[in-house]
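A.B. asks: Based on what follows, work out the 3D shape:
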Amino acid sequence: MNVVRRSAAALAATAVIGTATPALAATPSPSAAIPDGLYGTTDPTYDGVWRQSLALLAQRTVGVEPARKATDWLAEQQCANGAFAAFRDGADAPCKADTNSTGAAVQALAEIGGHDAEVGKAVRWLKSVQNKDGGWGYYAGGASDANSTSVVIGALAQGGVTVPNLRTGGKSPYDALLKLALPCGGKDGGAFAYQPDKKGELTANADATAAAALGLRGETLAGSRQDEDASAAHCEKGEEPERAGTNGAAWLAKTLAKDGHLTTALPGAEPQPDYGNTADAVVALAASGLGAKATKPLRWLESNAGAWAAKAGPAAYAQLIFAAAATPGGDVHDFGGEDLVAELNATGPKPEGVDDDPTATTSSTKSDEGGLGVAWTVGGGLLIGALIGFALMLRGRRRQQ
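C.D. replies: Modelled structure (predicted):
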(Lines give C-alpha, C1' and ligand atoms only; values in the text may rest on other atoms or scores of the structure.)
Protein backbone atom coordinates (compact mmCIF):
# COMPACT_ATOMS: atom_id res chain seq x y z
CA MET A 1 0.00 0.00 0.00
CA ASN A 2 1.39 3.26 -1.00
CA VAL A 3 2.58 5.52 1.78
CA VAL A 4 0.03 8.15 0.91
CA ARG A 5 -2.76 5.75 0.06
CA ARG A 6 -3.72 5.89 3.72
CA SER A 7 -5.43 9.23 3.55
CA ALA A 8 -8.85 10.00 2.25
CA ALA A 9 -7.35 12.00 -0.56
CA ALA A 10 -5.54 8.93 -1.83
CA LEU A 11 -8.73 6.99 -1.44
CA ALA A 12 -10.50 9.45 -3.72
CA ALA A 13 -7.67 9.27 -6.24
CA THR A 14 -7.73 5.47 -6.21
CA ALA A 15 -11.41 5.54 -7.07
CA VAL A 16 -10.76 7.94 -9.96
CA ILE A 17 -7.71 6.37 -11.62
CA GLY A 18 -7.90 2.81 -10.33
CA THR A 19 -4.38 2.71 -8.92
CA ALA A 20 -2.58 3.83 -5.81
CA THR A 21 -1.03 7.26 -5.78
CA PRO A 22 2.65 8.18 -5.49
CA ALA A 23 4.04 9.71 -2.33
CA LEU A 24 3.70 13.44 -2.03
CA ALA A 25 6.71 15.65 -1.58
CA ALA A 26 7.19 17.34 1.76
CA THR A 27 5.02 20.39 2.29
CA PRO A 28 7.19 23.42 3.12
CA SER A 29 4.81 24.90 5.69
CA PRO A 30 3.03 22.24 7.79
CA SER A 31 -0.40 23.31 9.02
CA ALA A 32 0.21 21.36 12.23
CA ALA A 33 3.32 21.45 14.39
CA ILE A 34 5.40 18.27 14.41
CA PRO A 35 4.81 16.68 17.83
CA ASP A 36 7.67 15.41 19.93
CA GLY A 37 7.89 11.66 19.49
CA LEU A 38 6.45 11.54 15.96
CA TYR A 39 8.47 10.14 13.08
CA GLY A 40 8.79 12.30 9.98
CA THR A 41 8.93 16.05 9.43
CA THR A 42 5.94 16.69 7.16
CA ASP A 43 2.48 17.82 8.17
CA PRO A 44 0.94 14.93 10.16
CA THR A 45 -2.67 16.01 9.61
CA TYR A 46 -3.44 13.33 7.07
CA ASP A 47 -1.01 10.56 7.96
CA GLY A 48 0.47 10.97 11.43
CA VAL A 49 -0.88 7.75 12.94
CA TRP A 50 -0.32 5.77 9.75
CA ARG A 51 3.33 6.67 9.31
CA GLN A 52 4.05 6.28 13.02
CA SER A 53 2.46 2.84 13.05
CA LEU A 54 4.42 1.65 10.03
CA ALA A 55 7.65 3.04 11.45
CA LEU A 56 7.21 1.25 14.77
CA LEU A 57 6.08 -1.99 13.11
CA ALA A 58 9.13 -1.90 10.84
CA GLN A 59 11.45 -1.32 13.79
CA ARG A 60 10.06 -4.33 15.62
CA THR A 61 10.34 -6.40 12.44
CA VAL A 62 14.11 -5.89 12.46
CA GLY A 63 14.67 -6.15 16.20
CA VAL A 64 14.69 -2.46 17.10
CA GLU A 65 13.07 -1.42 20.39
CA PRO A 66 11.18 1.82 19.60
CA ALA A 67 11.64 4.95 21.67
CA ARG A 68 9.19 5.06 24.54
CA LYS A 69 7.98 8.53 23.63
CA ALA A 70 7.29 7.35 20.07
CA THR A 71 5.14 4.48 21.31
CA ASP A 72 3.47 6.72 23.90
CA TRP A 73 2.62 9.27 21.21
CA LEU A 74 0.86 6.62 19.17
CA ALA A 75 -1.06 5.21 22.14
CA GLU A 76 -2.15 8.70 23.19
CA GLN A 77 -3.69 9.31 19.77
CA GLN A 78 -6.45 6.83 20.62
CA CYS A 79 -9.94 8.29 20.75
CA ALA A 80 -12.36 7.76 23.62
CA ASN A 81 -14.29 5.15 21.65
CA GLY A 82 -11.13 3.11 21.02
CA ALA A 83 -10.61 4.13 17.39
CA PHE A 84 -7.78 6.17 15.90
CA ALA A 85 -7.95 9.12 13.53
CA ALA A 86 -5.25 10.08 11.04
CA PHE A 87 -4.05 12.71 13.53
CA ARG A 88 -5.37 14.57 16.56
CA ASP A 89 -3.62 17.67 17.81
CA GLY A 90 -4.23 16.93 21.48
CA ALA A 91 -6.51 14.73 23.56
CA ASP A 92 -9.39 17.21 23.31
CA ALA A 93 -9.29 17.44 19.53
CA PRO A 94 -12.21 15.99 17.54
CA CYS A 95 -11.85 12.37 16.53
CA LYS A 96 -12.59 11.67 12.86
CA ALA A 97 -11.87 7.98 13.22
CA ASP A 98 -11.03 5.71 10.31
CA THR A 99 -10.44 1.99 10.01
CA ASN A 100 -7.03 2.28 8.34
CA SER A 101 -5.41 4.39 11.05
CA THR A 102 -7.02 2.19 13.70
CA GLY A 103 -5.91 -1.03 12.02
CA ALA A 104 -2.34 0.14 11.55
CA ALA A 105 -2.10 1.37 15.14
CA VAL A 106 -3.38 -1.96 16.47
CA GLN A 107 -0.83 -3.85 14.39
CA ALA A 108 2.02 -1.74 15.75
CA LEU A 109 0.94 -1.62 19.40
CA ALA A 110 0.20 -5.35 19.49
CA GLU A 111 3.61 -6.12 18.02
CA ILE A 112 5.38 -3.86 20.51
CA GLY A 113 3.50 -5.34 23.45
CA GLY A 114 2.47 -3.82 26.76
CA HIS A 115 -0.61 -2.12 25.29
CA ASP A 116 -3.30 -4.73 25.80
CA ALA A 117 -5.85 -2.18 26.99
CA GLU A 118 -5.44 0.06 23.96
CA VAL A 119 -5.39 -2.87 21.55
CA GLY A 120 -8.48 -4.44 23.11
CA LYS A 121 -10.42 -1.19 22.98
CA ALA A 122 -9.50 -0.61 19.34
CA VAL A 123 -10.41 -4.18 18.39
CA ARG A 124 -13.84 -3.75 19.96
CA TRP A 125 -14.41 -0.60 17.90
CA LEU A 126 -13.35 -2.32 14.68
CA LYS A 127 -15.69 -5.22 15.38
CA SER A 128 -18.54 -2.80 16.10
CA VAL A 129 -18.28 -1.11 12.68
CA GLN A 130 -18.02 -4.24 10.52
CA ASN A 131 -20.27 -4.00 7.47
CA LYS A 132 -23.01 -6.52 6.72
CA ASP A 133 -20.96 -7.92 3.85
CA GLY A 134 -18.23 -8.77 6.37
CA GLY A 135 -15.79 -6.03 5.37
CA TRP A 136 -14.86 -2.46 6.18
CA GLY A 137 -14.64 0.83 4.35
CA TYR A 138 -12.16 3.59 5.09
CA TYR A 139 -14.69 5.31 7.37
CA ALA A 140 -17.16 3.41 9.52
CA GLY A 141 -20.25 2.61 7.48
CA GLY A 142 -18.59 3.28 4.15
CA ALA A 143 -18.67 0.70 1.38
CA SER A 144 -16.22 -2.13 1.98
CA ASP A 145 -12.96 -2.03 0.04
CA ALA A 146 -10.12 -4.52 -0.28
CA ASN A 147 -7.45 -2.35 1.29
CA SER A 148 -9.37 -1.32 4.42
CA THR A 149 -10.71 -4.83 4.98
CA SER A 150 -7.23 -6.31 4.69
CA VAL A 151 -5.64 -3.84 7.12
CA VAL A 152 -8.38 -4.54 9.64
CA ILE A 153 -7.99 -8.30 9.25
CA GLY A 154 -4.29 -7.99 10.05
CA ALA A 155 -5.11 -5.91 13.11
CA LEU A 156 -7.78 -8.29 14.38
CA ALA A 157 -5.49 -11.28 13.93
CA GLN A 158 -2.79 -9.46 15.91
CA GLY A 159 -5.38 -8.63 18.54
CA GLY A 160 -6.26 -12.28 19.08
CA VAL A 161 -9.49 -12.45 17.07
CA THR A 162 -10.32 -15.61 15.12
CA VAL A 163 -11.11 -13.78 11.91
CA PRO A 164 -13.14 -16.46 10.06
CA ASN A 165 -15.55 -16.59 13.01
CA LEU A 166 -16.16 -12.84 13.02
CA ARG A 167 -19.44 -12.53 11.16
CA THR A 168 -22.13 -9.96 10.67
CA GLY A 169 -25.11 -10.63 8.45
CA GLY A 170 -23.71 -14.14 8.11
CA LYS A 171 -20.60 -12.83 6.32
CA SER A 172 -16.97 -12.95 7.43
CA PRO A 173 -14.18 -10.54 6.45
CA TYR A 174 -12.89 -13.19 4.06
CA ASP A 175 -16.27 -13.26 2.32
CA ALA A 176 -15.98 -9.53 1.66
CA LEU A 177 -12.57 -9.98 0.04
CA LEU A 178 -13.57 -13.01 -2.01
CA LYS A 179 -16.35 -10.95 -3.61
CA LEU A 180 -13.65 -8.64 -5.00
CA ALA A 181 -11.57 -11.38 -6.64
CA LEU A 182 -11.54 -11.66 -10.42
CA PRO A 183 -12.16 -15.30 -11.47
CA CYS A 184 -9.43 -17.52 -12.86
CA GLY A 185 -9.60 -17.98 -16.60
CA GLY A 186 -10.79 -14.47 -17.40
CA LYS A 187 -8.94 -11.22 -17.93
CA ASP A 188 -6.68 -10.47 -14.94
CA GLY A 189 -7.81 -13.69 -13.28
CA GLY A 190 -6.70 -13.87 -9.65
CA ALA A 191 -6.39 -10.11 -9.18
CA PHE A 192 -8.57 -8.10 -6.80
CA ALA A 193 -10.57 -4.95 -7.33
CA TYR A 194 -10.52 -2.12 -4.83
CA GLN A 195 -14.33 -1.94 -4.97
CA PRO A 196 -16.92 -2.81 -7.63
CA ASP A 197 -17.59 0.05 -10.02
CA LYS A 198 -21.02 1.67 -10.37
CA LYS A 199 -22.14 -1.19 -12.60
CA GLY A 200 -20.93 -3.79 -10.12
CA GLU A 201 -18.01 -4.80 -12.33
CA LEU A 202 -14.52 -5.57 -11.03
CA THR A 203 -11.32 -4.00 -12.34
CA ALA A 204 -7.90 -5.34 -11.33
CA ASN A 205 -6.02 -3.07 -8.94
CA ALA A 206 -2.44 -3.87 -7.93
CA ASP A 207 -2.67 -2.01 -4.63
CA ALA A 208 -5.84 -3.86 -3.66
CA THR A 209 -4.39 -7.18 -4.82
CA ALA A 210 -1.26 -6.85 -2.71
CA ALA A 211 -3.39 -5.93 0.29
CA ALA A 212 -5.81 -8.82 -0.21
CA ALA A 213 -3.00 -11.34 -0.65
CA LEU A 214 -1.88 -10.47 2.89
CA GLY A 215 -5.35 -10.04 4.36
CA LEU A 216 -6.53 -13.48 3.25
CA ARG A 217 -3.60 -14.95 5.16
CA GLY A 218 -4.24 -12.91 8.28
CA GLU A 219 -0.90 -11.13 7.82
CA THR A 220 0.08 -7.68 9.03
CA LEU A 221 1.48 -5.04 6.71
CA ALA A 222 4.94 -6.47 7.40
CA GLY A 223 4.01 -9.82 5.90
CA SER A 224 6.31 -12.80 6.43
CA ARG A 225 8.74 -15.00 4.53
CA GLN A 226 7.18 -18.31 3.50
CA ASP A 227 8.75 -21.36 1.87
CA GLU A 228 8.58 -21.58 -1.90
CA ASP A 229 5.35 -23.05 -3.26
CA ALA A 230 5.36 -24.08 -6.93
CA SER A 231 1.56 -24.11 -7.09
CA ALA A 232 1.47 -20.47 -6.04
CA ALA A 233 2.53 -19.34 -9.51
CA HIS A 234 -0.83 -20.27 -11.05
CA CYS A 235 -4.40 -19.13 -10.60
CA GLU A 236 -6.48 -22.04 -9.34
CA LYS A 237 -10.22 -22.03 -8.81
CA GLY A 238 -11.38 -22.37 -5.23
CA GLU A 239 -13.17 -20.51 -2.48
CA GLU A 240 -10.53 -21.03 0.19
CA PRO A 241 -9.28 -17.63 1.41
CA GLU A 242 -5.61 -18.59 1.34
CA ARG A 243 -5.90 -19.95 -2.21
CA ALA A 244 -7.56 -16.73 -3.35
CA GLY A 245 -4.76 -14.74 -1.79
CA THR A 246 -2.22 -16.91 -3.56
CA ASN A 247 -4.03 -16.30 -6.85
CA GLY A 248 -3.64 -12.60 -6.26
CA ALA A 249 0.08 -13.03 -5.69
CA ALA A 250 0.36 -15.05 -8.92
CA TRP A 251 -1.27 -12.16 -10.82
CA LEU A 252 1.16 -9.72 -9.22
CA ALA A 253 4.09 -11.93 -10.25
CA LYS A 254 2.93 -11.83 -13.89
CA THR A 255 2.37 -8.08 -13.75
CA LEU A 256 5.85 -7.48 -12.35
CA ALA A 257 7.66 -9.89 -14.65
CA LYS A 258 8.30 -7.49 -17.54
CA ASP A 259 9.65 -4.33 -15.89
CA GLY A 260 10.25 -5.45 -12.34
CA HIS A 261 8.00 -2.71 -10.98
CA LEU A 262 4.43 -1.45 -11.00
CA THR A 263 3.41 1.84 -12.60
CA THR A 264 0.81 4.47 -11.97
CA ALA A 265 -0.54 7.18 -14.24
CA LEU A 266 -1.89 10.56 -13.18
CA PRO A 267 -4.49 12.25 -15.38
CA GLY A 268 -2.67 14.00 -18.19
CA ALA A 269 0.74 12.64 -17.19
CA GLU A 270 3.01 9.86 -18.39
CA PRO A 271 3.04 6.61 -16.38
CA GLN A 272 5.49 6.65 -13.49
CA PRO A 273 7.10 3.89 -11.44
CA ASP A 274 5.04 3.10 -8.35
CA TYR A 275 7.60 2.50 -5.62
CA GLY A 276 5.23 1.98 -2.71
CA ASN A 277 2.96 -0.51 -4.41
CA THR A 278 5.95 -2.36 -5.83
CA ALA A 279 7.28 -2.79 -2.29
CA ASP A 280 3.88 -3.99 -1.12
CA ALA A 281 3.72 -6.46 -4.00
CA VAL A 282 7.11 -7.86 -3.00
CA VAL A 283 5.81 -8.48 0.52
CA ALA A 284 2.70 -10.17 -0.87
CA LEU A 285 4.78 -12.45 -3.10
CA ALA A 286 7.08 -13.51 -0.28
CA ALA A 287 4.16 -14.21 2.04
CA SER A 288 2.48 -16.34 -0.64
CA GLY A 289 5.40 -18.67 -1.36
CA LEU A 290 6.66 -16.73 -4.36
CA GLY A 291 9.85 -15.32 -2.88
CA ALA A 292 11.82 -16.18 -6.01
CA LYS A 293 9.41 -14.09 -8.09
CA ALA A 294 9.99 -11.20 -5.69
CA THR A 295 13.73 -11.04 -6.34
CA LYS A 296 13.56 -8.97 -9.55
CA PRO A 297 11.28 -6.25 -8.14
CA LEU A 298 13.31 -6.20 -4.93
CA ARG A 299 16.48 -5.56 -6.94
CA TRP A 300 14.67 -2.83 -8.88
CA LEU A 301 13.70 -1.18 -5.61
CA GLU A 302 17.27 -1.39 -4.37
CA SER A 303 18.47 0.46 -7.45
CA ASN A 304 15.69 3.03 -7.75
CA ALA A 305 13.72 3.65 -4.55
CA GLY A 306 16.26 5.55 -2.49
CA ALA A 307 15.26 9.05 -3.59
CA TRP A 308 11.57 8.23 -3.24
CA ALA A 309 12.00 7.01 0.35
CA ALA A 310 14.12 10.01 1.29
CA LYS A 311 11.36 12.36 0.15
CA ALA A 312 8.39 10.30 1.31
CA GLY A 313 9.70 9.65 4.81
CA PRO A 314 9.24 7.00 7.50
CA ALA A 315 6.33 5.07 6.01
CA ALA A 316 8.27 4.62 2.76
CA TYR A 317 11.34 3.37 4.62
CA ALA A 318 9.05 0.98 6.50
CA GLN A 319 7.62 -0.40 3.25
CA LEU A 320 11.11 -1.05 1.92
CA ILE A 321 12.09 -2.71 5.20
CA PHE A 322 9.06 -5.00 4.99
CA ALA A 323 10.02 -5.94 1.43
CA ALA A 324 13.68 -6.59 2.18
CA ALA A 325 12.95 -8.50 5.38
CA ALA A 326 10.40 -10.80 3.72
CA THR A 327 12.36 -11.66 0.58
CA PRO A 328 15.20 -14.22 0.38
CA GLY A 329 18.41 -12.34 -0.30
CA GLY A 330 17.01 -9.06 0.99
CA ASP A 331 19.15 -7.08 3.42
CA VAL A 332 17.65 -4.19 5.37
CA HIS A 333 21.14 -2.95 6.27
CA ASP A 334 22.51 -3.06 2.73
CA PHE A 335 19.66 -2.12 0.44
CA GLY A 336 21.36 -0.86 -2.70
CA GLY A 337 24.13 0.43 -0.45
CA GLU A 338 21.74 2.03 2.06
CA ASP A 339 20.97 1.00 5.65
CA LEU A 340 17.19 1.26 5.72
CA VAL A 341 17.00 0.73 9.46
CA ALA A 342 19.43 3.54 10.23
CA GLU A 343 17.62 5.85 7.82
CA LEU A 344 14.24 5.08 9.34
CA ASN A 345 15.55 5.54 12.86
CA ALA A 346 16.99 8.93 11.88
CA THR A 347 13.53 10.27 11.03
CA GLY A 348 12.37 10.27 14.65
CA PRO A 349 13.38 9.80 18.28
CA LYS A 350 16.34 7.55 19.01
CA PRO A 351 15.22 3.97 19.68
CA GLU A 352 15.60 2.45 23.13
CA GLY A 353 17.84 -0.31 21.82
CA VAL A 354 18.47 -2.95 19.19
CA ASP A 355 17.84 -6.67 19.67
CA ASP A 356 19.29 -9.38 17.47
CA ASP A 357 18.02 -8.63 13.98
CA PRO A 358 15.80 -11.57 12.93
CA THR A 359 16.09 -10.54 9.27
CA ALA A 360 19.86 -10.11 9.08
CA THR A 361 21.48 -11.55 5.96
CA THR A 362 24.88 -11.20 4.39
CA SER A 363 25.37 -9.33 1.18
CA SER A 364 26.95 -12.45 -0.34
CA THR A 365 23.50 -14.05 -0.56
CA LYS A 366 22.40 -11.42 -3.03
CA SER A 367 22.78 -11.70 -6.80
CA ASP A 368 25.05 -9.44 -8.82
CA GLU A 369 21.91 -7.88 -10.23
CA GLY A 370 21.54 -5.80 -7.10
CA GLY A 371 25.01 -4.26 -7.13
CA LEU A 372 24.19 -1.10 -9.02
CA GLY A 373 23.45 1.01 -5.96
CA VAL A 374 20.63 3.45 -5.43
CA ALA A 375 19.80 5.58 -8.43
CA TRP A 376 19.13 9.11 -7.36
CA THR A 377 17.43 10.07 -10.59
CA VAL A 378 13.85 10.74 -9.55
CA GLY A 379 13.15 14.27 -10.75
CA GLY A 380 11.99 16.71 -8.13
CA GLY A 381 9.79 18.37 -10.72
CA LEU A 382 7.99 15.08 -11.33
CA LEU A 383 7.20 14.66 -7.65
CA ILE A 384 6.12 18.23 -7.21
CA GLY A 385 3.96 18.02 -10.32
CA ALA A 386 2.28 14.98 -8.85
CA LEU A 387 1.83 16.86 -5.59
CA ILE A 388 0.10 19.79 -7.22
CA GLY A 389 -2.16 17.57 -9.27
CA PHE A 390 -3.16 15.54 -6.24
CA ALA A 391 -3.38 18.32 -3.69
CA LEU A 392 -6.33 19.89 -5.45
CA MET A 393 -8.06 16.54 -5.75
CA LEU A 394 -7.13 15.30 -2.31
CA ARG A 395 -7.65 18.09 0.17
CA GLY A 396 -11.42 17.84 0.01
CA ARG A 397 -11.20 14.52 1.79
CA ARG A 398 -8.92 12.80 4.25
CA ARG A 399 -6.27 10.42 3.07
CA GLN A 400 -4.89 7.11 4.15
CA GLN A 401 -1.17 7.06 4.16
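A.B. asks: alpha carbons only for contacts and neighbour counts from here, please
C.D. replies: Noted.
A.B. asks: which non-adjacent residue is nearest Ala294?
C.D. replies: Counting by Cα to Cα, 6 or more residues apart in numbering, Val282 is the residue found nearest to Ala294 once chain neighbours are left out, at 5.2 Å.
A.B. asks: That neighbour is in contact with Ala325, isn't it?
C.D. replies: No. In this structure, Val282 is not within contact of Ala325 by Cα atoms under 8 Å, at 10.2 Å.
A.B. asks: Helices of the stretch 151-300 of the chain, start to end?
C.D. replies: 173-178, 206-215, 241-257, 275-287, 291-304 (DSSP state H, counting those that start in this stretch).
A.B. asks: buried stuff in the second one?
C.D. replies: Along helix 206-215, these residues count as buried under the neighbour rule (16 or more other Cα atoms under 10 Å): Ala206, Asp207, Ala208, Thr209, Ala210, Ala211, Ala212, Ala213, Leu214, Gly215.
A.B. asks: Ok, the third one next?
C.D. replies: Residues of helix 241-257 classed as buried by neighbour count (16+ other Cα under 10 Å): 241-253, 255-256.
A.B. asks: In the chain, where is pLDDT below threshold?
C.D. replies: Scanning the chain with the threshold set as pLDDT under 70 gives 1-32, 356-401.
A.B. asks: show me where it has strands.
C.D. replies: 7, 64-65, 262-264, 272-274, 353-354, 399-400 (DSSP state E).
A.B. asks: Now tabulate these in JSON lines and tack on distance to Leu344.
C.D. replies: JSON lines is the format used below for the strands of the chain (distance: least, Cα to Cα, whole Å):
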{"stretch": "strand 7", "distance to Leu344": "21"}
{"stretch": "strand 64-65", "distance to Leu344": "11"}
{"stretch": "strand 262-264", "distance to Leu344": "24"}
{"stretch": "strand 272-274", "distance to Leu344": "20"}
{"stretch": "strand 353-354", "distance to Leu344": "13"}
{"stretch": "strand 399-400", "distance to Leu344": "20"}
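A.B. asks: now these in CSV, with distance to His333 and mean neighbour count?
C.D. replies: Output for the strands of the chain, formatted as CSV (distance: least, Cα to Cα, whole Å; neighbours: other Cα atoms under 10 Å):
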stretch, distance to His333, mean neighbour count
strand 7, 29, 26
strand 64-65, 13, 19
strand 262-264, 24, 21
strand 272-274, 23, 18
strand 353-354, 13, 12
strand 399-400, 28, 26
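A.B. asks: Just want to know which of Val282 and Ala325 has more residues nearby.
C.D. replies: Val282 (34 against 28; other Cα atoms under 10 Å).
A.B. asks: Please report the distance of that one from Phe322.
C.D. replies: As defined by Cα to Cα, to the nearest Å, Val282 lies at a distance of 9 Å from Phe322.
A.B. asks: which residues touch Val163?
C.D. replies: Residues in contact with Val163 (Cα atoms under 8 Å, 6 or more residues apart in numbering) are Ile153, Leu156, Ala157, Ser172, Pro173, Gly218.
A.B. asks: What about those residues, which one has the most neighbours?
C.D. replies: Within the contacts of Val163, most neighbours by other Cα under 10 Å means Ile153, with 31 neighbours.
A.B. asks: quick one: contacts for it?
C.D. replies: Counting by Cα under 8 Å, 6+ apart, Ile153 has contacts Val163, Pro173, Gly215, Gly218, Glu219.
A.B. asks: and if we set it to 10 Å?
C.D. replies: Contacts of Ile153 were listed using Cα atoms under 10 Å, 6 or more residues apart in numbering, and they are 103, 107, 126, 135-136, 147, 159, 161-164, 173-174, 212, 214-220.
A.B. asks: before we move on, what about Glu111?
C.D. replies: With the criterion set at Cα under 10 Å, 6+ apart, Glu111 makes contact with Leu56, Leu57, Ala58, Arg60, Thr61, Ala105, Gln158, Gly159, Thr220.
A.B. asks: Let's have those residues in a markdown table, adding distance to Pro35 and neighbour count.
C.D. replies: A markdown table is the format used below for these (distance: Cα to Cα, whole Å; neighbours: other Cα atoms under 10 Å):
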| residue | distance to Pro35 | neighbour count |
| --- | --- | --- |
| Leu56 | 16 | 30 |
| Leu57 | 19 | 27 |
| Ala58 | 20 | 28 |
| Arg60 | 22 | 20 |
| Thr61 | 24 | 23 |
| Ala105 | 17 | 31 |
| Gln158 | 27 | 22 |
| Gly159 | 27 | 20 |
| Thr220 | 26 | 25 |
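A.B. asks: Between those, which sits nearest Asp116?
C.D. replies: Distance to Asp116, by Cα to Cα, is smallest for Gly159 among the contacts of Glu111, at 8.5 Å.
A.B. asks: how near is Gln59 to Ala193?
C.D. replies: Gln59 is 31 Å from Ala193, by Cα to Cα.
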